[in-house]
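Peer 1: Predicted model and sequence follow; I will ask about them next.
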Amino acid sequence: MKQGFPFVLTTVAAMVCASFPVAALADDEPSGVIDEVVVLSRPESSIRLGLGFFDGNTVRFGQFTEPADGPQPSLSFRLASREDASGALFRFDARSLELAHREARIEHGRQGHWKLVLDYNSVPHYFPLAFNTRLDSPELATQKIDGVATPRPLTLASQRESWGLAAKLAPSDALTTRIRVKQERRTGSRPFGFGRNDILFIGEPLDTETRDLEASAAYSVKQFQLLGGYLGSWFKNHIPGVTANGREIDNLTSAADPNQIALPPGNEAHQLFLSGGYGFSPTTRANFKLSRERARQNQPFIDLLAGSGFAGTGNLDGTADTTLMSVGLTGQASKDLAFLANFRREDYADRTPVRQYVAAGASSPHGLNVRFPHRTTVGKAEATYRLAPQYTVTAGVNHERRQRDVPVTIEALSARAVSFRADTEENGYRLELRRTLSFDLNGSLAYVASKRSGSALLPADASASPDFVVPLHFADRDRAKWRFELDWVPTEPVSIQAVVEDADDRYSGHELGPRRGAMRLYSLDVTYSFENWQLTGWLSRTTNTAEQSTCGAITRDRFCRDSDPARAWAIWGATLGDQSDGAGITLRGTPTRKIKVGADLLVTRDSNEHKIELLEAQNASLPSGLPPDIRYDSTNLTLFLEYALGLDDSWRVDYGYQKVSTNDWTWNLATGGGPSLYADGTTVDMHKETRARYVGVSYRYRWR
Amino acid sequence: MIRLRGLRTGLAFVVGVFALMGLATTAEADKADNAKVAHPDMVLNGDAVCTRCHDETESYPVFSIGKTRHGTRADKRTPTCTDCHGTSETHIKKPRGLDERPKPSLTYGGQLLSVPTADRVDRYFGIAGKRTSTGVAERNGACLACHQGDTLIHWQGSAHEQREVACTSCHQIHNQHDRVMDKRTQYDVCVACHKEQRTQFLRASRHPTPEGKVACSDCHNSHGSAGKKLLVRDTVNQTCFQCHAEKRGPFLWNHQPATEDCSLCHSQHGSPVAGLLKMRPPFLCQQCHEPTGHPGNIPSLEVAGTRSGRGVTLARGCMNCHTNIHGGNNPLDRASSHNFVR
């Protein structure tokens, strides 16, 4: 990570601080008088200087900031001033200037007339995995799998660094125009893979640039509003492909075999949009949006060696158009009856020319590029009736239809890897009873149900077996969901909020594949206020369950079922559970006028269950080493004490502690007595238990 | 008779005294009203009618609205107290005969006052903006009178509007630091109601939202949109492409679900599986893929192999080999390029 840049920001910050002396910000006030009204009502500026000490294993604690060890300074400030006579505003916010996750934003303008904003943001991501590998240069296009003689520790990280400039101009009260440009650079490397006959460890080199341009104009009067504009996005990848040298990977045996993986190609998108709303009356309103986006991808293909079979042009010449039309109407049919209706149509048309890229044959039954255009139509109508001053009942219906063109490339059975459905339709309804506007008890009870079906299935080329699995998003599905919410204030200082949710999906119409999905949520929040203290606490449990089945690998000689046991595979099922439990306690208080204290304790446990069983054993048995359950526990504690020296300056002490423990086996690459996953001998430490602590001391000064 | 006359005289005296007291009270009220007129505006244009009573001693920081954009008096569009709280005639001038002063015309719900506003966490649990008899539509109407255009065009009909979420349930109008407008604190406001997302963001794989580096509002327009789930862009994919433009394509070899909806495979608010995957591979891939060939293999940590056992279970699972799973652009005449391996 680059370290030089923070000093540039810090210097800029110091210069701006110097140019906005405290006295200047209060120049409207009588000299020497700090009026209480000024203190309470003038925009406030502040600066915080601090020093933190980090200790322990901070790989998880700092995965989106920066794993740190030892002392670390910090500088954050907010400058805010307003010139009352003209309404000119200036703001400069900067946070964590010395750190990898630094950010800054400068805003200057005259409210209601114009505004300029310049912002900078840096988002690091350190992967909490410690590789021990012989791989060299994981951030480059050419990587050497046996690049170093003996394995060495390696941590992968990426960083997004972005600059943005925005301008707003309001020529009149009704008209506002905006323009915004943003440039983001992403660098670093993240875990990748290289596999065919062996699986090898490589990094995905990241060196990309994304540029955005947004220009819009908004017209707004009392009854009528319009917003139209242009959105542009350009993505450029400076590394079109990655090559791993040093070990044979593919079936190609040439010494010059590039073993090259194509990385995401550059692309661009241009969208025009127009949205608006019209109020027919104070309670009846219509709105709409129209947009059309064209995405282009014509990045040159990666260089291939002669004889690779490539027969196409130099680039894909890819074009995809996305069109949206959305209209909505809300209103009040009578004093007690409100209604809502909306309609939405989205069309994704992939207009990329279909060309012969390789010869039809073993590697591809057609040799053509593949595209998947589709259209989605959604309609919804709802009515809400007020039964009594505090009670309403809502009833609604909804419809969604998704139409997919059957690509020429999968029209032939032999070209379909999975089954395909050209048309799916989902119809549903919703009922809800709601109590509102009560001082002590509010809440709702809702039931939502829907049914999805569709056109005839185009079966997959299952070679020697029936068509067993229908993809999750094509399959027939019955969905039912309950939701109960309660807001209760039993006595003035106590507030209770409870949520219970229960959702169930059942899949049908095919023999194997997804069978059932379920979600349960229980959540309870309580807050209690006394004197100058506030104590809040919450408990939550979410469970997700999925049941599915499939059968062992079908080949020309082995089937899911066969009268000859020697030719039959096992049909097996998996019940996958994920349970997230969390509890939190927060305390805030001001025991004296000068002292503020706070504490947050957060405890979570995430449990993943993988239950595998044979549904029809045939002559097979389950393999050894079935995936065990996984547990991920975390405890987070933060404490602070703030002591006010005067009206505007204070000291603050922060303490933080995080413990994470897990028995996750995902990267257990050389345990269990089996062979290592990576043929190059790379091993990975998942940091099964981490404890991180920090203590920070900071000083804040405020002025206005 | 004499006694009756005396009684009448006494009654007349009492009535007279009370009448004089009444006159005096009226005179005092008039004096107060005159004083009201003389009271200067403190923070907003035309706020004198309110600030003559609601002054700097208020436990709720009424004056702090001056620190916000609503306090820019040079901007003629900025409101005064009564624009948002109603003319509140009976609150300003209590009608005779009432023991208690009526509330202002529009009230926005009580808040627990004991802890300074900036440190309060009561809005986590939804008290704010609920303890009022003013209807949500009426409360929001005060905001929509000015803030209806631009990115709020689709407020009416949005999920939040339909579920009677008040603007002030999320926004702190009188605070210079409005928690929901700050990336670092916005998350706390949103998960106050979105409990499922609160637990999802505590999982091992997630966006850096609790750290304030990716805000809920980067993906969702809580004020309504033409997209699903209040997404800022028209489709799920277009929203994801804002930061993940490399997935946009189109590609030479497209993966069908990736062209349709990123959320078919990804749980964007958090997942126990790396890459925000909804399910661990190979189970995720087996939800769609036929058992023809190797996709039906039973996962194992001990069985060797690239297409079965450890090869599809450990590390990146199926993506150990199928690295370009979002779509490949390699024209190499090999099955490995069509199958997203190269």
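Peer 2: Looks like it came in fine.

Peer 1: My guess is A:L639 contacts A:D654. True?
Peer 2: Yes. Counting by Cβ atoms under 8 Å, A:L639 touches A:D654, with 7.2 Å between them. Backbone N, C-alpha and C define where each C-beta goes, glycine included.

Peer 1: what about chain A, any weak spots by pLDDT?
Peer 2: Counting by pLDDT under 70, the low-confidence segments of chain A come to A:1-34, A:246-259, A:304-313, A:362-363, A:462-466, A:553-558, A:619, A:669-676.

Peer 1: Identify the residue spatially nearest to A:L413, adjacent ones excluded.
Peer 2: Among residues not flanking A:L413 along the chain, A:D461 sits closest, at 5.2 Å (Cβ to Cβ, 6 or more residues apart in numbering or on different chains).

Peer 1: ok so B:D83 is a strand residue?
Peer 2: No. Judged by DSSP: H, G, I helix; E, B strand; the rest coil, B:D83 forms no part of a strand; its state is helix.

Peer 1: Might one say that it is in contact with B:I173?
Peer 2: No. With contact defined as Cβ under 8 Å, B:D83 does not count as touching B:I173 (11.5 Å).

Peer 1: Then A:F339 would be within a strand, right?
Peer 2: Yes. The assignment for A:F339 is a strand, going by three-state DSSP.

Peer 1: hey, what's the spatially closest residue to it that is not a sequence neighbour bridged with?
Peer 2: For A:F339, ignoring the flanking residues on the chain, the nearest one in space by Cβ to Cβ, 6+ apart is A:A383 at 4.9 Å. Beta bridges link A:A383 to A:F339, A:A395, judged by DSSP bridges.

Peer 1: what sits against the residue nearest the centre of chain B?
Peer 2: Per Cα atoms, centre = their mean, the C-alpha nearest to the average position across chain B is that of B:C170, at 3.9 Å. For B:C170, the contacting residues are B:V180, B:V189, B:S222, by Cβ atoms under 8 Å, 6 or more residues apart in numbering or on different chains.

Peer 1: Ramachandran angles for it?
Peer 2: Backbone torsions of B:C170, given as degrees, to the nearest 10, read phi -110, psi -40.

Peer 1: now the strands for the stretch 401-550 of chain A?
Peer 2: Assigned by DSSP state E, counting those that start in this stretch, the stretch 401-550 of chain A shows strands spanning A:420-421, A:423-435, A:441-454, A:457-458, A:476-491, A:494-508, A:513-530, A:533-551.

Peer 1: Can I get the fifth one in PDB, CA atoms only?
Peer 2: By that I understand strand A:476-491. Provided in PDB are the C-alpha atoms of strand A:476-491 (Å, rounded to 0.1, in the frame of the first residue of the first chain):
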ATOM      1  CA  ASP A 476     -41.600 -24.400 -10.100                       C
ATOM      2  CA  ARG A 477     -41.800 -22.900  -6.600                       C
ATOM      3  CA  ASP A 478     -44.500 -22.200  -3.900                       C
ATOM      4  CA  ARG A 479     -43.500 -19.500  -1.500                       C
ATOM      5  CA  ALA A 480     -45.200 -18.500   1.800                       C
ATOM      6  CA  LYS A 481     -44.000 -15.900   4.300                       C
ATOM      7  CA  TRP A 482     -45.300 -14.600   7.600                       C
ATOM      8  CA  ARG A 483     -43.900 -11.400   9.200                       C
ATOM      9  CA  PHE A 484     -44.900 -10.000  12.600                       C
ATOM     10  CA  GLU A 485     -43.600  -6.700  14.000                       C
ATOM     11  CA  LEU A 486     -44.200  -5.200  17.300                       C
ATOM     12  CA  ASP A 487     -43.300  -1.800  18.800                       C
ATOM     13  CA  TRP A 488     -44.300  -1.500  22.400                       C
ATOM     14  CA  VAL A 489     -43.600   1.200  24.900                       C
ATOM     15  CA  PRO A 490     -44.900  -0.300  28.200                       C
ATOM     16  CA  THR A 491     -43.700   2.600  30.300                       C
END
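
Peer 1: Throw the strands of the stretch 401-550 of chain A into TSV and include distance to B:A274 and mean neighbour count, thanks.
Peer 2: Below are the strands of the stretch 401-550 of chain A laid out as TSV (distance: least, Cβ to Cβ, whole Å; neighbours: other Cβ atoms under 10 Å in any protein chain shown):
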stretch	distance to B:A274	mean neighbour count
strand A:420-421	29	20
strand A:423-435	30	16
strand A:441-454	30	17
strand A:457-458	32	18
strand A:476-491	27	16
strand A:494-508	25	18
strand A:513-530	21	18
strand A:533-551	17	20
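
Peer 1: List the contacts of the residue nearest to A:F339.
Peer 2: Applying Cβ under 8 Å, 6+ apart, the residues near A:A383 are A:A333, A:L337, A:A338, A:F339, A:L340, A:T394, A:A395, A:G396.

Peer 1: Now the second one. Nearest residue, chain neighbours left out?
Peer 2: This means A:L337. In space, A:L337 comes closest to A:Y385 once its chain neighbours are excluded; the distance is 5.3 Å by Cβ to Cβ, 6+ apart.

Peer 1: Then the fifth one?
Peer 2: With Cβ to Cβ, 6+ apart as the criterion, A:L340 has its nearest non-adjacent residue at 4.5 Å, and that residue is A:E382.

Peer 1: one step back: can you verify my assumption that the residue nearest to A:L413 contacts A:S419?
Peer 2: No. With contacts counted by Cβ under 8 Å, A:D461 stays clear of A:S419, the gap being 9.5 Å.

Peer 1: Neighbour count for these two, which is higher?
Peer 2: Neighbour totals were compared for A:D461 and A:S419, and A:S419 leads with 23 against 17 (other Cβ atoms under 10 Å in any protein chain shown).

Peer 1: Surely the more buried one is in contact with A:P471?
Peer 2: Yes. Counting by Cβ under 8 Å, A:S419 does reach A:P471; the two are 6.8 Å apart.

Peer 1: how far away is A:A503 from A:W482?
Peer 2: Separation of A:A503 from A:W482 (Cβ to Cβ, to the nearest Å) stands at 8 Å.

Peer 1: before we move on, which element is residue 94 in?
Peer 2: Picking chain A for this. In this structure, A:A94 sits in strand A:88-95 according to DSSP states H and E.

Peer 1: and that strand with chain B, contact?
Peer 2: Yes. Strand A:88-95 is in contact with chain B by Cβ under 8 Å from any Cβ of the partner chain, via A:L89, A:R95.

Peer 1: Tabulate the CA atom coordinates of that strand in PDB.
Peer 2: Extracted in PDB, the C-alpha atoms of strand A:88-95 (Å, rounded to 0.1, in the frame of the first residue of the first chain):
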ATOM      1  CA  ALA A  88     -22.000  30.600   1.100                       C
ATOM      2  CA  LEU A  89     -21.100  27.300   2.700                       C
ATOM      3  CA  PHE A  90     -17.700  25.600   3.000                       C
ATOM      4  CA  ARG A  91     -17.100  22.100   4.400                       C
ATOM      5  CA  PHE A  92     -14.000  20.100   4.500                       C
ATOM      6  CA  ASP A  93     -14.300  16.700   6.100                       C
ATOM      7  CA  ALA A  94     -11.300  14.400   6.400                       C
ATOM      8  CA  ARG A  95     -11.000  11.100   8.200                       C
END
